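A.B. asks: Below is the sequence, then the predicted model.
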Amino acid sequence: MRWALVKVCLAVTAMVVIAFAVPLGLVIKEMARDRAFSDAERQAATIGPTLTITTDREELTRAVLSTEPGGRGHLAVHVPAAEQGGDPLEIGTRRATREDLETVGTSGRAAIAEVPGGSALLQPTALGSGGIAVVEVFVPEDEVSHGVGTAWLVLAGVGVALIVGSVAVADRLGVRMVEPAQRLAGAAQDLGEGRLGTRVPEEGPTELRSAAVAFNSMADQVVQLLANERELAADLSHRLRTPLTVLRLNAASLGEGPAAEQTRAAVEQLEHEVDTIIRTAREQRPQTQGGQQGAGAGCDASEVIRERMGFWSALAEDEGRTVRLAGVDRTVRIPVARPELAAALDALLGNVFRHTPEGTAFAVDVHHSGDAVLVLVSDAGPGIPDPESALARGASGRSGARGAVGSTGLGLDIVRRVAESTGGDLRIGRSVLGGAEVRIWIGLDGGPAERARRGHRVGRRGGRRGPRGVKGRNAEFRHGPGSGADL
């Protein structure tokens, strides 16, 4: 493209230069010729007064020699024989033919005759006797073309300068157009080879800038789609941990024997494979608001919480854990899909079983403030020493009595994204039971300004006072075994 643009510009400029320079050069040549013959006519006219007075040879000779062309031998006077009563009178060197002289004398009109070494201006002049004499002024060829060569050289220099300048400008414009296109092509190749961080500077002409913007947007979409796919795989795999926990507990109660050992080994192998899938698919990338459920999705938070607590209460009973459930005696509609809320609760309750010793009590409290729903999951365990690290995707923030072996660090990330999809948030603190407290703020309007205002208000109102305010209200106490999902 660059060289094509240069060639086009070179051709166009050359045609323009030729179209203007050639006619201008011819005009200059014609002007020089006209100037030379105009000077010759003026010199010939200086002899006119003498010819009207006398035709004496001596007088005419002195008059001719007194002129500049006459002194150089370039001026001659021809008086016809009729005016002399005998032979014609010629003063100076004759160069024109007699036929040309007779033609001018007869017609009475000036003429230019080509002669060796140049041209001769033949100017008819009236004599005092009424006859016609011819004054011949020789104009050498160098006088006719005087200054023409210099003018043509100047024109040629200007034309070459214009062509060189246009080529240089075209080359710069070509670079300005070609480099963004080359960068765009290289970036497309890099993106096709898997370098997803490739982006193109949004520079160059308007069309190429638009192409760069579209390419960068496409690359961002590709990265986002891949990230969403990885997170979806990780989240789906993470949800398998809850039924795997039940299988592991059931396998532990089978006693001894080959079948029991094979069952436990199969469950352990399945857990290992699920953990491998989660770790492979995990990628730390923030999600856009509202990305967890479709438009119009929602559920009854009280119903889902009662259902999931019914599941986990059986596990808590085996481990001697005291469970308190409050605030689920009325319908609480939230803009979260039922499977998403269930996955978030399973992740939090599974953390309690995995990271606290057997017999540790825990509680789930639900508060409805009109513009938001607050869900508190608290326990009497050792707590979470580094809440910020625990909220980071891919990090496990607790190491309980049974350790954090197999922890993938996706549980709290699932919960956080569920809360943020409604304009809410997730916070970790110290519960009134002495252990960790995870607070899920689920917004009912999803406005960011309102969420910021509520976040400041809830820090004073919802943290530790929530469980105290509902203590003993609609509470159930159950016991059961268990283990669950992880951080």
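C.D. replies: That came in fine, so what should we check first? Residues are numbered from 1 along each chain as shown.

A.B. asks: contacts and neighbour counts: CA atoms only from here.
C.D. replies: Noted.

A.B. asks: Once you drop chain neighbours, what's closest to Arg176?
C.D. replies: Distance criterion CA to CA, 6 or more residues apart in numbering; nearest residue to Arg176, sequence neighbours excluded, is Gly204 at 6.1 Å.

A.B. asks: Could you list the low-pLDDT ranges of the chain?
C.D. replies: 1-2, 82-87, 230-231, 233-239, 241-242, 272-297, 392-410, 446-487 (pLDDT under 70).

A.B. asks: Which residue ranges of it form strands?
C.D. replies: Ranges of strands in the chain, per DSSP state E, are 75-79, 89-91, 111-115, 118-126, 132-140, 299-300, 323-326, 333-334, 362-368, 372-379, 425-430, 436-443.

A.B. asks: which helices and strands does the first one pack with?
C.D. replies: Contact here means 3 or more CA pairs under 8 Å, 6 or more residues apart in numbering; DSSP states H and E; on that basis strand 75-79 packs against helix 57-65, strand 89-91, strand 132-140.

A.B. asks: what about the residue positioned nearest the centre of the chain, distance to Ser217?
C.D. replies: Central residue of the chain (CA atoms, centre = their mean): Glu202, 2.3 Å from the mean position. Remark: distance between Glu202 and Ser217 (CA to CA, to the nearest Å) = 11 Å.

A.B. asks: what does Val178 give?
C.D. replies: Distance from Val178 to Ser217, by CA to CA: 21 Å.

A.B. asks: Between those two, which is the more surrounded one?
C.D. replies: More crowded of Val178 and Ser217, by other CA atoms under 10 Å: Val178, with 17 against 13.

A.B. asks: start to end distance for stretch 421-433?
C.D. replies: Stretch 421-433 end-to-end distance (CA to CA) = 29 Å.

A.B. asks: Pro387 reaches Ala436, doesn't it?
C.D. replies: No: with contacts counted by CA atoms under 8 Å, Pro387 stays clear of Ala436, the gap being 9.5 Å.

A.B. asks: of those two, who's got more company?
C.D. replies: Neighbours were counted for Pro387 and for Ala436 using other CA under 10 Å; Ala436 has more, 25 against 17.

A.B. asks: show me what contacts the more buried one?
C.D. replies: Ser378, Asp379, Ala380, Gly381, Pro382, Gly383, Ile384, Ile428, Gly429, Arg430 (CA atoms under 8 Å, 6 or more residues apart in numbering).

A.B. asks: Neighbour-wise, give me the winner out of the residues you listed.
C.D. replies: Ser378 leads the contacts of Ala436 on contacts (other CA under 10 Å) with 30 neighbours.

A.B. asks: Dig out what it forms beta bridges with.
C.D. replies: Ala363, Glu437 (DSSP bridges).

A.B. asks: Quick check: it touching Leu433?
C.D. replies: Yes: counting by CA under 8 Å, Ser378 touches Leu433, with 7.1 Å between them.

A.B. asks: Between those two, which contacts overlap?
C.D. replies: Joint contacts of Ser378 and Leu433 (CA under 8 Å, 6+ apart) are Phe362.

A.B. asks: What are the buried residues along stretch 164-173?
C.D. replies: Within stretch 164-173, the residues scored as buried using 16 or more other CA atoms under 10 Å are Ser166, Val167, Ala170, Asp171, Leu173.

A.B. asks: An error on my part: the question was meant for stretch 343-360.
C.D. replies: For stretch 343-360, by 16+ other CA under 10 Å, it's 343-360.

A.B. asks: ok so, going back, which neighbours do Pro387 and Ala436 have in common?
C.D. replies: What both Pro387 and Ala436 touch, as defined by CA under 8 Å, 6+ apart, is the set Ile428, Gly429.

A.B. asks: re the thing from before, out of the buried residues of stretch 343-360, which are inside helices?
C.D. replies: Mapping the buried residues of stretch 343-360 onto helices (DSSP state H) picks out 343-355.

A.B. asks: Give me the distance between Ala266 and Ile440.
C.D. replies: 35 Å.

A.B. asks: Between the two, which has more neighbouring residues?
C.D. replies: Ranked by neighbour count (other CA under 10 Å), Ala266 and Ile440 place Ile440 first, with 23 against 14.

A.B. asks: can you pull the contacts of the more buried one?
C.D. replies: So Ile440 contacts Leu374, Val375, Leu376, Val415, Arg416, Ala419, Gly424, Asp425, Leu426, Arg427 (CA under 8 Å, 6+ apart).

A.B. asks: Columns neighbour count and distance to Ala21 on top of the residues you listed, output as JSON lines?
C.D. replies: Supplementary listing: those in JSON lines, determined by neighbours: other CA atoms under 10 Å; distance: CA to CA, whole Å:
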{"residue": "Leu374", "neighbour count": "21", "distance to Ala21": "87"}
{"residue": "Val375", "neighbour count": "24", "distance to Ala21": "88"}
{"residue": "Leu376", "neighbour count": "25", "distance to Ala21": "90"}
{"residue": "Val415", "neighbour count": "26", "distance to Ala21": "80"}
{"residue": "Arg416", "neighbour count": "22", "distance to Ala21": "78"}
{"residue": "Ala419", "neighbour count": "26", "distance to Ala21": "78"}
{"residue": "Gly424", "neighbour count": "28", "distance to Ala21": "77"}
{"residue": "Asp425", "neighbour count": "22", "distance to Ala21": "78"}
{"residue": "Leu426", "neighbour count": "21", "distance to Ala21": "80"}
{"residue": "Arg427", "neighbour count": "18", "distance to Ala21": "82"}
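
A.B. asks: Surely Asp346 and Met309 touch.
C.D. replies: No: using CA under 8 Å, Asp346 makes no contact with Met309, being 9.1 Å away.

A.B. asks: Any idea how many residues pack against Val64?
C.D. replies: By other CA under 10 Å, neighbour count at Val64 equals 26.

A.B. asks: Can you give me every residue that contacts it?
C.D. replies: So Val64 contacts Ile47, Gly70, Gly71, Leu75, Ala76, Val77, Ile91, Gly92 (CA under 8 Å, 6+ apart).

A.B. asks: thought the second one was touching Val77?
C.D. replies: Okay, so that is Gly70. No: assessed by CA under 8 Å, Gly70 is found out of contact with Val77, at 9.9 Å.

A.B. asks: what sits in contact with each of these two?
C.D. replies: Val64, Gly92.

A.B. asks: the more surrounded of these two?
C.D. replies: Neighbour count, other CA under 10 Å: between Gly70 and Val77, Val77 has more, with 28 against 23.

A.B. asks: correct me, but the more buried one touches Val134?
C.D. replies: Yes: using CA under 8 Å, Val77 makes contact with Val134 at a distance of 6.0 Å.

A.B. asks: Ala110: which of the buried residues of stretch 164-173 is nearest?
C.D. replies: Ala110 has its nearest neighbour among those in Ser166, at 48.7 Å by CA to CA.

A.B. asks: Isn't that closest one up against Lys7?
C.D. replies: No: counting by CA under 8 Å, Ser166 sits too far from Lys7 to count as a contact (10.3 Å).
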